[in-house]
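Enquirer: the following block contains a protein sequence and its predicted model.
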Amino acid sequence: MLINSLSGFKSVNLVGTTSKEGIHNLSVVSSIVHLGANPALMGFVMRPITVTRDTYLNIMETGFYTLNHLTSEIYQQAHQASARYPADTSEFDAVGLTSDFKDEFKAPYVKESTIQIGLTFKEKIDIQLNGTVFIIGEIREIYVPEDCIHSDGYLDIQKAGTIACSGLDAYHTGNKLKRLSYAKTDRPIKAMDF
């Protein structure tokens, strides 16, 4: 537990996939990283594929998946989705969340999530040191509350109700301190409005 907590607060998302048999799958992931804006890439680490990993298999077979932010309203159901359900069981049904398909995208969103991201698989990197796999996807769709996007593109995730996690089982709400101006060597930073 200590090693899992050392990195501090992390984003926590539900990954939505669909099997080739049409079963909708959910898994909890707390290792999402932004990899670039052009193209818009995000990645996450999957545990070793030494046992069946439905999320991994579904992404490899279909090439589509979603990331769905957790909120204080759904974190308990999301946490339950980390249980090892049989492959023919939909975690959406098992934990009481709603699968939501949009614009012909081939993976389900979590209807109860306020920030939803649709991605297509681009690359996997096998990490030899511990057998984990780094999955890289390209963002294809984004669904966010309009009142949470500022004119400069800043996404107010606190206003959207997004929560964070630490370790394997602790969930946290966030409180903004300040936004700061872009750092330059020839001028002091300034606090900006949210």
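Expert: Thanks, I have the structure now. Numbering: from 1, shown residues only.
Enquirer: remind me, longest helix of the protein?
Expert: Secondary structure of the chain per DSSP state H: the longest helix is helix 54-62.
Enquirer: just how off-centre is that helix within its chain?
Expert: For helix 54-62, the distance between its averaged C-alpha position and the chain's averaged C-alpha position is 16 Å (CA atoms, centre = their mean, to the nearest Å).
Enquirer: list the buried residues of that helix.
Expert: Within helix 54-62, the residues scored as buried using 16 or more other CB atoms under 10 Å are 54, 55, 56, 57, 58, 59, 62. Backbone N, C-alpha and C define where each C-beta goes, glycine included.
Enquirer: looking at the residues you listed, which is nearest residue 46?
Expert: Distance to residue 46 across the buried residues of helix 54-62 (CB to CB) is lowest for residue 56, with 5.4 Å.
Enquirer: isn't the closest one up against residue 46?
Expert: Yes. Counting by CB atoms under 8 Å, residue 56 touches residue 46, with 5.4 Å between them.
Enquirer: okay, and the common contacts of these two?
Expert: Taking CB atoms under 8 Å, 6 or more residues apart in numbering as the contact criterion, the common neighbours of residue 56 and residue 46 are 133, 135.
Enquirer: please enumerate residues in contact with the longest helix of the chain?
Expert: Helix 54-62 is contacted by residues 15, 17-20, 25, 27, 46, 49, 65, 87, 106-107, 121, 124, 133, 135, 137 when judged by CB under 8 Å, 6+ apart.
Enquirer: quick one, which of those are buried?
Expert: Neighbour counting with 16+ other CB under 10 Å marks 15, 17-19, 25, 27, 46, 65, 107, 121, 124, 133, 135, 137 as buried within those.
Enquirer: adding distance to residue 81 and pLDDT, write those out as a markdown table.
Expert: As requested, those are arranged in a markdown table below (distance: CB to CB, whole Å; pLDDT from 0 to 100):
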| residue | distance to residue 81 | pLDDT |
| --- | --- | --- |
| 15 | 9 | 98 |
| 17 | 12 | 98 |
| 18 | 15 | 97 |
| 19 | 15 | 95 |
| 25 | 9 | 96 |
| 27 | 6 | 96 |
| 46 | 15 | 94 |
| 65 | 14 | 98 |
| 107 | 15 | 98 |
| 121 | 20 | 98 |
| 124 | 22 | 97 |
| 133 | 20 | 97 |
| 135 | 18 | 98 |
| 137 | 19 | 98 |
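Enquirer: redo these as CSV? Include secondary structure.
Expert: Compiled in CSV, the buried ones among the contacts of helix 54-62 are given as follows (DSSP: H, G, I helix; E, B strand; the rest coil):
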residue, secondary structure
15, strand
17, strand
18, strand
19, coil
25, strand
27, strand
46, strand
65, strand
107, coil
121, strand
124, strand
133, strand
135, strand
137, strand
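Enquirer: for those residues, work out which two are farthest apart.
Expert: The most widely separated members of those are 18 and 133, with 19.5 Å between them, by CB to CB.
Enquirer: which residue, other than its chain neighbours, is closest to residue 33?
Expert: The spatial neighbour of residue 33 that comes closest, neighbours along the chain excluded (CB to CB, 6 or more residues apart in numbering), is residue 43 at 5.3 Å.
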